[in-house]
Structures are given as structure tokens and as C-alpha cells.
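*Asks:* Sequence isn't available, so here's the structure alone:
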């Protein structure tokens, strides 16, 4: 392929275009970098598509020993009431004896069985369904608690104030009025799978630092004969560094846009209807990571180790953005509550939080703070890079 | 063994690389294992939701309600403004937020006495609807008891006070042990499950580092010209890569013995420990093969690292490494059966639960080894195919 002609361009524009072309021609890196959010988004959507429904209440399948102890108690009314309607929480299957309940429990498919003996409820749960991640057993216990508490209360009233146990009182007890109503505080309904999607984009943002690392390594005269020729071209380091970083930023931003559009258009991932602001997060995030990548590229460590450093940083920082599942999300939240500054200094977390703020909040104050943090991050690392590159000497006198 | 020695030198020339990838990933695994609620094998422990109560009333009833709810869960503080409530929803700080309106206590007592509609406590559910519904049931327990007492003629304050004691009475339960040896998954299990990610990402990148170094322009030319048979040369590189696996297993495996990860049945006997090491070793062959293929294909180290990220995360997501406790279903479950990571975790699960058999262990290790063999064979098969195509093309060329 003939070398592109850059005679008509200014040196700065020429450096910008050439850097862009060099990075684009590093096809394998470009392909994998673009592929990352596409592959991960698809996988998360396929693997965790049912994540939000996994957190929706499904009626808990339980066995009920419907002997006389059960049918004569008001437990049967309570269970029937909680087994129908929009807020159904139990899916009971009636059996005649405890032995039948035990046989069915052993066969699987039920969380446990309910018995009532002498007015006292008892719940026998399957040891195979006692995972701490599944609160279903606690829900069944809460139902039994309600029955027992009402029964105990009536028993106390019968002792202390028997005249109160009128027919109207007993009739009123048979009804279960609503005590609470749900209230929405966020601009959009809570969703767990969105955290994975936002974390994927945040991970991609950090990965973009790889472009600047590669580009800045290529500016060091000892990197290659081409780099040596560029170093003696009579141009200041600043006049080469600025367009190089600008090219890296542009390429990073374009790669992120591909991932963003894929999430937005193909999978309909919501950013709270604030697409322009979401793009601003990507643009500023790309800028911050370009500067971080430049800093890593300018460090005096073996060049081969630098790309490893970029990859590890992406993985490590994404941990606190919630990339690795519920426990990683909890860890990120714990760090944010304990050391907010440390959390804010994590660009993956900040990018993820910026997206979350667009989805959940009415106003832009958290979003603005995230943008300011990322911009500050970019400024600090640009200054550090400039200082490092200014001091570097190669085969000097 | 000059090539072997050089490969080893290459590995140790990048202590930062080894430190970050092996120690760093092991550290991430330790952090994730620590974030897991309980490290001990338990029977049944009741769910304790995180709850926040915003009391705008301050009555005896609202205070009693708050005390009761907090006694059954973990109390967190959320300020009474829209921003804080949105924060709690976005950050998942609370499973359930109850907002008690001003004048609620008096209005509740009056409504019960009059038989009119009850005032409502406003609730904010997190995305974890199941836990929020549980908390709603707990709310109902207390308020139902207060209502019963009010119906009997008790005063509002007396009803609220007595309800706390009465609502604290709990129904009895027992756990039917239907699966000997089954228990909640331990921190050690989570750690070694996550180790799949650490081993994949680290070994792809580190193997590629060796191969990339050997395949860099002038060095490759010198190696090709050296009086060493290519097979012997490749075997030396392979030996160095196997040593890399030993190093990776030693460092990543050591993390599983740290006190904060905790011991479990997984490390109980030398036999189980041996199988765990064998599982890690056989699984490691897959990322080693991938790194080998990438390195041989001449991919740059930056591209290899990006590829390592994509592949390791993809394997782990599809095999359920990051979603332990959420059952894989449908097409994902079917795809997972073709992935070595799935079988690596399956063996660990069997070791943890004590449910493995000789045939299941051999199947799990066999599928992992087969996957690695297929990946290793990709390049030779590709080159052989190209060679055949060239050979087949020659007669037609000469015919022309």
C-alpha cells in the first residue's frame, strides 16, 4: 500500500492523520478493542437476560398438609389469600398426610411443607433449598409468623379482654387490608442487568488507554528506527504529543460509540433517554483514558509490560464498577461508602456511576460531578505525561 | 536447553507482568470471596434485608414499626429528600425503604376504629423484588398485630407497644436434611471458581509474551537459522510454558489458603486437594493453547491482551463464574457445556459438595484436555491445510 501523502497538511495535522492511520492499521488490536463491548454485551444479554426476572418474586412452591388441624385453623384462609391475585407469594400444593408431604419434598420441586397442629404452625424446609442467595424460605416463614402472631394476639385478648372477641371483631380479622403502597423515587424503574451493561462500557473506556500507550511508546526514539527518525525531525515533543493524543482520543471515542450504539440500538439499553449526555461521558472518559494510557506509555518500564499493565488495570478497576457479578457490585458499593474519594478516583466506577445517574436521577448534578472528576483525571495525567516526556533523555550527551 | 532457559528468562524479565497478572488477579479473587456473605458451611440462615425507615410522624406507632423492622433486618440511614432516595435506589443501599407520612399513627388508629380505609406507608422497592416483598410481609406482621389490638379496644399507644412483643413471636421451623454433604457454598469455592478468570486472562497474556518475544523479527530469523530441530525447539518452549502453569497454579492457588478466604471441604483431604490442583492444571492448558495460537499468529501483545480480556470474560460469563447462585438456563446452559470453564467449575462443585465419582471426574478433566488439544491443533491444521492447497494448486499451474 503506498504511503499516504501528507505534503499539503501542516505538521500537526500530518502527525494527527499518521497516528490515526498507524493505530487503525494495527488491525488485531482495533478489532479486539471494538469487539470487547460487542461480545460482552451480547453475552451478558444472553446469559443474564433473565437477571431482572430472577429478582422478581415468583410464588414459592410449598406443600400444605391439609389435615383437620390445617383446615380448622385460619391458616387455610391466609394461605388461600396469599395464593391468588397480583401479589401472589405462595404456590401451595395440598397433600393429605405428613408422609405424603415428605415423599413429595424428597422428590424435589418444593421448598418445604406447612403443618398446623393444635393451632401451632410448623414449617419443614428442604435442606437443598436453603441458599443464602434465595430469600424464598424466609418469605414462607414470614407468612407463618403472621398467622402465629395473630393467633397469639387473639389468645392474649381472650385472656385479658374476652368481651372484645365479638363477631364483628372476628369478621374484621378475616380481612387483610393493604398497609403499604409502592412509591417510585427514581426517573426509571430499578434494573440489575443495567449495571452489567454500564460496567461493560466502563471496562471498554478503560481499555481505550491501550491506544495512547501504543502511540506514546512509538514516540520514544529507542522504540524503533521510525521512532528514532521522528525524534530527529526537528519538532518539539509537545507539537508531536498533542496531535498524537488527539488522534488516540478520536479513535477511542469512535470505538466506544460503536459499543454504545450496539447496546442502545440492538439491545435497547436505556440511558435514561439522555443520549447526548451519555455520549459526553464516553467522550470525556475516552479523554481521561487517553491521558492515562499516555502516562503508562511514558513510564520507564519495559514496553512489553505496559500493555499488560493496561489490561490488568481494566480488569482491576472494572471489579469495583460491578463487572464481575453481585459480589463485585457489593464490593464497589462498600468501597464507595467507606472511602468515597478512592471510589471517585476509579475511572471505571466513575463512568459507570455517570451512566447510572443519567438513568436514575432527575437532574444532572451527579452526572456533572462525574464529568468533572474524569476531566480532572485527564488533566492530572496529561501533566504527569508531559513532565515524564520532557525529562526523558535518550542516548544524550 | 537454551530455548527453555531463554523462555524462563523472558518470563522473569517482566516481574511487573507476573506480579500484576498472577498476584493481582489472585487479590481480586480474594476480594470477591470476601464480599461473599458467609464463609462457613451453614444450614439455614434467615434473610436479613437492608431496611431504611423515614419517619415523618414520630408517633409511638411509627417508632414501634421502625424498631420492629430494624430488628428483623439491617438498618441503614437514608436522608428524607428525593436525592438521597434516588441514591439509595441507584446504589442499591436498601432493599426496602418505608416512608411513614406525618400523622400516620393517629390516622391509623382512627381508621381502624371507624372501619375506614387505612392510611398507607409508602415503600420503595430495590431491584431485588423478592427481598423487598419479604420485607413487606414483615411490615404487615407488625401492622396487622397493631390493628388486631386496636380492634379489641386498646389505645393506640398501648397497641403499638404490645405489638412489638407479640410480633416478635416466631413460628417454628425445621430443616429436613435431604442431601448429605450439601451445604451453602463456601468462600473457598467462590475463590477457586473465580480462579478460572485469573488463570485464563493471565496465561493467555503470559504465554503470548514468551511467543511474541521469540517471534520478534531478528530473533525469529536467528532461531530459524540455528542448528536446532524445530520440534526440539518447540518442545523447549512448551516445557517453559508448562512451568508457567506451575507458577500460575502456585500463586493463584496460594490465595485460596489465605485466612480471609477460609478453609472448606474443598481443601479438606490430600485427595481433594490433588484433584483441585489437577483441575487447575488441566484447565490451564486451554488459555496456554490460546496464548500459543495468538503468539504464533504474530499478534501484537496489545492485541493479545485485548483478546485475553474478551475471551476470559466471555468464557467466565457463559460458564456462570460471575453469577454463582443464579442458575444458567436455556441456550446459555447448552453453550456452557461446550466450554472448558464450565467443566472446571463442575469439578470444583463436586469436590465442594462431595458428589463426584471417578467417571464424572474423568469426564470433566477429559473435556477440558480435549478442548486444549483442539486449540493447540488449530495452527498445525491450518498450516497443513495451506500446504495441501499449495500442493493441489501446483499441477494446474504447471499444466498452464
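*Replies:* Sure, I can see it. What you see is a predicted model, and the numbers here were worked out from it, not measured in a lab.

*Asks:* Could you count how many residues lie near residue A:373?
*Replies:* Residues near residue A:373, counting by other Cβ atoms under 10 Å in any protein chain shown, number 21. All C-beta spots, glycine's among them, are computed from the backbone N, C-alpha and C.

*Asks:* what's the one helix or strand it maps to packed up against?
*Replies:* Here residue A:373 sits within helix A:365-391, counting by DSSP states H and E. With contacts defined as 3 or more Cβ pairs under 8 Å, 6 or more residues apart in numbering or on different chains; DSSP states H and E, helix A:365-391 has these neighbours: helix A:237-261, helix A:275-298, helix A:347-360.

*Asks:* just those helices: most buried one?
*Replies:* Comparing those by mean neighbour count (mean count of other Cβ atoms under 10 Å in any protein chain shown), helix A:347-360 ranks first with a mean of 27.

*Asks:* what angle do the helix holding residue A:373 and helix A:347-360 make?
*Replies:* Angle between the axes of helix A:365-391 and helix A:347-360 is 160 degrees (criterion: axes from the mean of the first three to the mean of the last three Cα atoms, to 10 degrees).

*Asks:* Now helix A:365-391: buried residues?
*Replies:* Of the residues in helix A:365-391, A:366-367, A:370-371, A:373-374, A:377-378, A:381-382, A:384-386, A:388-389 count as buried by neighbour count, 16 or more other Cβ atoms under 10 Å in any protein chain shown.

*Asks:* ok and that helix relative to helix A:237-261, angle-wise?
*Replies:* Using the same axes, to 10 degrees: helix A:365-391 against helix A:237-261 is 150 degrees.

*Asks:* Make sure residue A:121 is indeed in a strand.
*Replies:* Yes. With DSSP: H, G, I helix; E, B strand; the rest coil as the criterion, residue A:121 is part of a strand.

*Asks:* so what pLDDT did it get?
*Replies:* For residue A:121, the pLDDT comes out at 91.

*Asks:* Where does the prediction get shaky in chain B?
*Replies:* Residues of chain B that meet the criterion pLDDT under 70 lie in B:36-43, B:179-185, B:217, B:262-266, B:324-329, B:394-400.

*Asks:* Please, where are all the strands along it?
*Replies:* B:50-55, B:74-75, B:96-100, B:121-125, B:172-176 (DSSP state E).

*Asks:* returning to what we had before: tell me what angle the helix holding residue A:373 forms with helix A:275-298.
*Replies:* 20 degrees.

*Asks:* ok, residues contacting stretch A:59-71?
*Replies:* If you take Cβ atoms under 8 Å, 6 or more residues apart in numbering or on different chains as the criterion, stretch A:59-71 is touched by A:76, A:79, A:83, A:88-98, A:100-101, A:104-105, A:109-119, A:136-137, A:139-140.

*Asks:* and residue 122, how many neighbours?
*Replies:* All of this is about chain A. Using other Cβ under 10 Å: residue A:122 sits among 18 other residues.

*Asks:* could you do chain B instead?
*Replies:* Residue B:122: 17 neighbours (other Cβ under 10 Å).

*Asks:* Could you list the domains of the chain?
*Replies:* Looking at chain A here, since you left the chain open. As assigned by automatic domain parsing, chain A contains the domains A:12-51+A:192-391, A:58-174.

*Asks:* looking at chain B here, not the other one
*Replies:* Taken from automatic domain parsing, chain B resolves into B:2-38+B:186-399, B:50-167.

*Asks:* Relative to residue A:146, which of those is closest?
*Replies:* The closest of the domains of chain B to residue A:146 is domain B:50-167. By Cβ to Cβ, the value is 5.2 Å.

*Asks:* Straight-line length of the closest one, end to end?
*Replies:* One end of domain B:50-167 sits 19 Å from the other (Cα to Cα, to the nearest Å).

*Asks:* before we move on, back to that, tell me which of the domains of chain A sits most buried.
*Replies:* Comparing these by mean count of other Cβ under 10 Å gives domain A:12-51+A:192-391 as most buried, with a mean of 20.

*Asks:* how about residue B:223, what does it touch?
*Replies:* Here residue B:223 is in contact with B:3, B:214, B:233 (Cβ under 8 Å, 6+ apart).

*Asks:* cool, and residue A:314?
*Replies:* Contacts of residue A:314 (Cβ under 8 Å, 6+ apart): A:203, A:206, A:207, A:209, A:348, B:309.

*Asks:* cool, and residue B:98?
*Replies:* Counting by Cβ under 8 Å, 6+ apart, residue B:98 has contacts A:180, B:51, B:52, B:53, B:54, B:65, B:66, B:69, B:121, B:122, B:123, B:139.

*Asks:* Against chain B, how distant is residue A:147?
*Replies:* 7 Å (Cβ to the nearest Cβ, to the nearest Å).

*Asks:* Isn't that residue up against residue A:75?
*Replies:* Yes. Look at residue A:147 against residue A:75 with Cβ atoms under 8 Å: they come within range, at 5.0 Å.

*Asks:* anything in contact with each of those two?
*Replies:* The contact sets of residue A:147 and residue A:75 overlap at residue A:121 (Cβ under 8 Å, 6+ apart).

*Asks:* ok so, going back, ok, and which of the strands of chain B has the densest surroundings?
*Replies:* strand B:96-100 (a mean of 24).

*Asks:* how big is the angle separating it from strand B:50-55?
*Replies:* Using the same axes, to 10 degrees: strand B:96-100 against strand B:50-55 is 10 degrees.

*Asks:* quick one: strands adjacent to strand B:96-100?
*Replies:* strand B:50-55 (parallel), strand B:121-125 (antiparallel) (DSSP bridges).

*Asks:* contacts for the first one?
*Replies:* If I follow you right, that is strand B:50-55. For strand B:50-55, using Cβ under 8 Å, 6+ apart, the contacting residues are B:62-63, B:65-66, B:69-70, B:72-78, B:80, B:88, B:93-100, B:135.

*Asks:* do that again at 6 Å, thanks
*Replies:* B:62, B:66, B:69, B:73-74, B:76, B:78, B:80, B:94-100, B:135 (Cβ atoms under 6 Å, 6 or more residues apart in numbering or on different chains).

*Asks:* Can you pull out the low-pLDDT segments for chain A?
*Replies:* A:1-9, A:48-57, A:132-133, A:223, A:234, A:391-397.

*Asks:* Grab the most central residue of it for me.
*Replies:* Centroid-nearest residue in chain A, with Cα atoms, centre = their mean: residue A:195, separated by 2.5 Å.

*Asks:* got the angle between the strand or helix carrying that one and helix A:237-261?
*Replies:* Secondary structure from DSSP H and E places residue A:195 in helix A:193-207. Interaxial angle, helix A:193-207 versus helix A:237-261 (the same axes, to 10 degrees): 160 degrees.
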